[in-house]
Every structure is written in C-alpha cells, then in structure tokens.
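Engineer: how would this look folded up:
(chains A and B)
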There are 2 protein chains.
Amino acid sequence: MDLQPRIGKSLPVGTEGAGTVVAAGANAVELIGKTVSAMGGGMYARFRRLNAAQCTVLPTGTSAQDAASMFVNPLTALSMVETMRREGHNALVHTAAASNLGQMLNRICINDDIPLVNVVRSEEQVKSLQSIGAKYVVNSSAESFFEDLTAAISATGATLAFDAVAGGAMSDTILRAMEAALGASQAAFSRYGTSTLKQVYIYGSLNPEPTVLSRTYGSSWAVARYLVLNALQKFGDETTRALKDRIVRELSTTFASSYKGTLSLSDVVNPEFAKEYARKSTGSKFLVNPSL
Amino acid sequence: MDLQPRIGKSLPVGTEGAGTVVAAGANAVELIGKTVSAMGGGMYARFRRLNAAQCTVLPTGTSAQDAASMFVNPLTALSMVETMRREGHNALVHTAAASNLGQMLNRICINDDIPLVNVVRSEEQVKSLQSIGAKYVVNSSAESFFEDLTAAISATGATLAFDAVAGGAMSDTILRAMEAALGASQAAFSRYGTSTLKQVYIYGSLNPEPTVLSRTYGSSWAVARYLVLNALQKFGDETTRALKDRIVRELSTTFASSYKGTLSLSDVVNPEFAKEYARKSTGSKFLVNPSL
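Structural biologist: Got it, this is the predicted structure:
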C-alpha cells in the first residue's frame, strides 16, 4: 500500500477487543463487571469508552482473552457461507486454509454440511486440516496442484472462492480449475466457454504482487474485493445480529482462537516482535494485552 | 483461446444477419417478402430456416444490408446503459471508444443525457469522437493519460467501465483513476481506501495478454466478464424486447453501421481478406453477403 496519505495523520489501532466494564452511564449500569467485546476501532487501549449498543455481552466466566478476537475472523468465516447462500453457490474454495480463519471455516462447513475445498501450501498443513476433519485439502506446492484442485472442484461443484493470497496466479488458477471442471461435463464446443458464473472474492493480500488473470474461463466470471464490513452492510442488521449470536453460542468450540503469545503495547512497537507478528504465516497470531 | 477443443467439431458461423423471407409456414405467410433480421447463429448462409418468433420484422424499404448487424453491437451498447441503471451507477467509462460500438454508445449517451468517458488510442480518434459530439475523450497513448482519465472520471462521477482492451493494465488504470477521483474528495485517511464500488466489465479482448490488477483501489472493486447474451438473460424478455424495439426505431440514426466493404463467403476464407478483417482496428468492419 502506498503509505504517503498516511503520513502525519493519526490512526487509532485495534479493530476489535474485549474487557471488563468498569464504569457505565445510568442506562447501562447493569453492564458493570461484565465481560464485553466490541469491534469499535482503537481497541488497543487500557480503557475504551463505547456505546452500550456496540458491546456484545458475554456469558459469566468468559475471559477477555477468549473474546478478544471474536468478531473479525468468525464474522469473516460466517459471512463467506452467508455470501455463498445468497449468491446461489453450493460449495466453497478457500485459500490460506490452514489459518485460524481457515480452521473456523472448516468447522462451520462441517457443522453446516457445506462442501469446502481447502487450499494450503504444504503437506504438513494438508495433514493438519485433515486431522480436524477436512475432506478436500489441496496442496498448492504440489506439482499436481492444478489437477488436484480441478478434481476437488469437480467433486464439490464449487463455483465460489475466497482467496487470501490474491497476488500472482492463485485466483486465476482457481478460475481455470472451475472452468475445467465445468467444461468437462459440457458436450458441445462453445467458443464462449461455459456460462456458469465463477466468482472469486479476494479478501487478503498474502502475496502483495499484482493479480494476473488469463481470462480463459468462459463467458461468466468475476474477481472482486471482499471486506467483511462491506458484506455485513449488504446483509443488514438482522442477519449480522444472528451471526454474532451464533459466535457467542459457539465461542469455545467453532470460533475458538489460539495465540502464539501475548504482547504488551510496548512489545507491539518493538521491532523484534513486529518482525514476528508481521510475518504472514500460519500459527503466529498474537494477543495484545494493553494492561501489561 | 485454446483451439484444441475446437478441432473436428462443426461450428456454424454468423451470429446475426438479415434477409428477405422467401417461404414460410401456414402461420407466418404474412412474412413472405418482408425483410427480417435474426440473431440465430449460422447466419452466414444463402438460406436460413428460423422460427417466426426469432425474427424481427423491419419496416418496408429496409434493406438486408441495413439490418445485417442490428443486434450484437446495438444491443451491447444499450445493455451497457441498462446495466449502469440497474447497478446504481450514473456515468460510464468506455474503452476502444472510437469503434462502431463506441460511436453508437456515444449517440445513446448523448440522447439519454448520460455522462460518458471515451478512451481512445490516438489524437485522430479524439477528434473523430469530438466531431460526433463526445464531451469527454481521453487518449490512452498520451503521457498524461492517467491524469486526463482521473479528471474526466472526477467530472462525470463514473464508477462503472466497459473495457474491450482487457489485457495488460487498462482495467487496472481505470480502477486506479476511479479510486484517485473518489479519494480526492475523502477527508480522513482510511487504510481500506474508498468503499464505493468501482466496477469494470471486460467485454472484449483487443489485447490478448493477461489482465494485471494491482488491487490498489480501496475496499470495493470488481472486475468481471461481460457478455451481452448473459446480460439480456439477466434483464429478462420484456426489457430485451424494449431494447430491440428501440433499435428498429433508430436503425438509420443511433444504430447505423458503416462497412469498409462487402465479402462473399469465399472471400471470407481467403487468407488475404482474413488478414484484413481479423485486424482489430477501427473502421475495418466488413459486411458478409452469402448471395454473392
């Protein structure tokens, strides 16, 4: 990202967080002492003033740590499934599937009986996802990647993908595999290719290089940027509330997060730690505890 | 396009055409002697059997030549405007805008009072479009292309583009210019960029190279394949009929086509002519007359 427009402007950090309510206005005194979580921005702080309506109240016994990252990843995973249903697809492809988010999506798809093609980048990650019950796991480092992906897409009928890699050929490869899977079942030659919509949503940028599209996937395909906040806005308040309620209910199961370690606010600006948490690698998610 | 699947398979040619009805079933005898046009496939033939319902009957005095290409380009141009309205945009960017199709789109947008940014590739084409009344014309060969495009997008508020170039950086440049135009009016810094949807539809492939996307245009953008037949299917029969009726009414004005020359069926397979009509250049559209 071009950081020029960032220079000299204040930018509060911390999209989401959780903590204990220590003070409240007259209309919200019943919240005092409760653990609440919020996606309020500027959450990396010891004290944060929020509207009561922004807070999700957690069951007694829930720690701030358990609830610290209960929105972004869980809502992103749930919104992918919601998007799939709303846009008329029946199965999903997900890249960077060994991530915290990927594991959540796996648990959701197993619970909800949705075929999911997991794309990972090592044999170790293949085994790790299989060990949590994933049925279709494809290794993008394997020589047979394209064939494996096409076979998994054929088996599931996936025409929708969420791609966190974004740069290089990943989105293109998924679209080509979808077209190959669809084309194999098409009897007549058409110069337009297949007309079934093949959709890739780019929701991360693990590879910051440009996205390269060969456009060899028939007459109906789309690549679009995906941001969970925009998706929730499209769904509306009622659906968003329903998704949040599900997260609270399944916080210690489907949506459990694991952390590599805990950082204080001064750790966060320590270049040594920054180097580690900035690495885009599976299993190096840190919890920020501003009270340390 | 990979032509492997094409080998050994019959492929009737001629998407659209027009002619005089010489014979008809009992329920359509009133068509005999009339000029009709159709988008029936396999239209490059001296005689073509079609369902009466597929035929558009033209006013007396319309020649087959006038009606020969009255569907694909006119419906494509009209469908762009219809898509703009349905998807909530208020202005358009169009590349390869000096083409036959581009000239039609210009006439439609002038008639319907829709701001249109025309992207062409030479100063000669700038002048040619200005001479038919185009207000915003940008030359992609100019050094100031990006700045010119951003200024025209700022002036029109265009957030939708139809790109016939497709390969290389064209779609990317349009999205970057839209983001620059939108960002200039945004007060606060956002790490997500602007959240207004910026949409590019790729409807041609004048540059067959891959499409390269830098993804530097905020949290809401999409690049998708566009095919007029798919668009019409989405609009439904009633809208499609209304668009066709407009074409008949404005056939000699808005939707008039011009041809560089006329080819017989044997001319079409003559490599010398093929070289010329296969050139993707403005003003080298040929009429095929299978009766020659």
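Engineer: Every contact and neighbour count from this point should use C-alpha atoms.
Structural biologist: Will do.
Engineer: residue ranges of the strands in chain A, please?
Structural biologist: A:17-20, A:35-38, A:56-57, A:92-95, A:116-120, A:136-139, A:160-163, A:166-168, A:198-202, A:207-213, A:221-225, A:261-263, A:286-288 (DSSP state E).
Engineer: Let me have the ones you listed in JSON lines, adding distance to residue B:264, mean pLDDT and mean neighbour count as columns.
Structural biologist: As requested, these are exported to JSON lines (distance: least, Cα to Cα, whole Å; pLDDT from 0 to 100; neighbours: other Cα atoms under 10 Å in any protein chain shown):
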{"stretch": "strand A:17-20", "distance to residue B:264": "73", "mean pLDDT": "96", "mean neighbour count": "23"}
{"stretch": "strand A:35-38", "distance to residue B:264": "71", "mean pLDDT": "96", "mean neighbour count": "24"}
{"stretch": "strand A:56-57", "distance to residue B:264": "74", "mean pLDDT": "94", "mean neighbour count": "18"}
{"stretch": "strand A:92-95", "distance to residue B:264": "49", "mean pLDDT": "98", "mean neighbour count": "25"}
{"stretch": "strand A:116-120", "distance to residue B:264": "52", "mean pLDDT": "98", "mean neighbour count": "26"}
{"stretch": "strand A:136-139", "distance to residue B:264": "53", "mean pLDDT": "98", "mean neighbour count": "24"}
{"stretch": "strand A:160-163", "distance to residue B:264": "45", "mean pLDDT": "98", "mean neighbour count": "27"}
{"stretch": "strand A:166-168", "distance to residue B:264": "46", "mean pLDDT": "96", "mean neighbour count": "23"}
{"stretch": "strand A:198-202", "distance to residue B:264": "39", "mean pLDDT": "98", "mean neighbour count": "24"}
{"stretch": "strand A:207-213", "distance to residue B:264": "38", "mean pLDDT": "97", "mean neighbour count": "19"}
{"stretch": "strand A:221-225", "distance to residue B:264": "36", "mean pLDDT": "98", "mean neighbour count": "23"}
{"stretch": "strand A:261-263", "distance to residue B:264": "76", "mean pLDDT": "93", "mean neighbour count": "15"}
{"stretch": "strand A:286-288", "distance to residue B:264": "72", "mean pLDDT": "93", "mean neighbour count": "19"}
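Engineer: And the lowest mean pLDDT element among the helices and strands of chain A?
Structural biologist: Every helix and strand of chain A was ranked by mean pLDDT, DSSP states H and E. The lowest is helix A:271-278, at a mean of 89.
Engineer: hang on, the earlier thing: including distance to chain B, could the strands of chain A go into a markdown table?
Structural biologist: Below are the strands of chain A laid out as a markdown table (distance: least, Cα to the nearest Cα, whole Å):
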| stretch | distance to chain B |
| --- | --- |
| strand A:17-20 | 19 |
| strand A:35-38 | 20 |
| strand A:56-57 | 25 |
| strand A:92-95 | 18 |
| strand A:116-120 | 22 |
| strand A:136-139 | 25 |
| strand A:160-163 | 13 |
| strand A:166-168 | 8 |
| strand A:198-202 | 9 |
| strand A:207-213 | 4 |
| strand A:221-225 | 4 |
| strand A:261-263 | 23 |
| strand A:286-288 | 20 |
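Engineer: rewinding a little: tell me how far the least confident helix or strand of chain A lies from the chain's centre.
Structural biologist: Relative to the chain's own centre, helix A:271-278 is displaced by 22 Å; criterion: Cα atoms, centre = their mean, to the nearest Å.
Engineer: Residues contacting it, please?
Structural biologist: For helix A:271-278, contacts defined as Cα atoms under 8 Å, 6 or more residues apart in numbering or on different chains pick out A:267, A:268, A:284, A:285, A:286.
Engineer: who's in contact with the first one?
Structural biologist: For residue A:267, the residues meeting the contact criterion (Cα under 8 Å, 6+ apart) are residue A:273.
Engineer: ok, what's across the strand from residue A:94?
Structural biologist: Under DSSP bridges, the beta-bridge partners of residue A:94 are residue A:118, residue A:162.
Engineer: Stretch A:80-89 - what's its average pLDDT?
Structural biologist: Taken as a whole, stretch A:80-89 has an average pLDDT of 98.
Engineer: can you check stretch A:244-258 too?
Structural biologist: Mean predicted confidence for stretch A:244-258 is 92.
Engineer: That one: which residues count as buried?
Structural biologist: Residues of stretch A:244-258 classed as buried: A:244, A:246, A:247, A:248, A:251, A:254, A:255, A:256, A:257 (neighbour count, 16 or more other Cα atoms under 10 Å in any protein chain shown).
Engineer: do you know how far the closest residue to the last one other than its chain neighbours is from residue A:76?
Structural biologist: Counting by Cα to Cα, 6 or more residues apart in numbering or on different chains, residue A:100 is the residue found nearest to residue A:257 once chain neighbours are left out, at 6.7 Å. Computed as Cα to Cα, to the nearest Å, the residue A:100 to residue A:76 distance reads 11 Å.
Engineer: Done for today, thanks.
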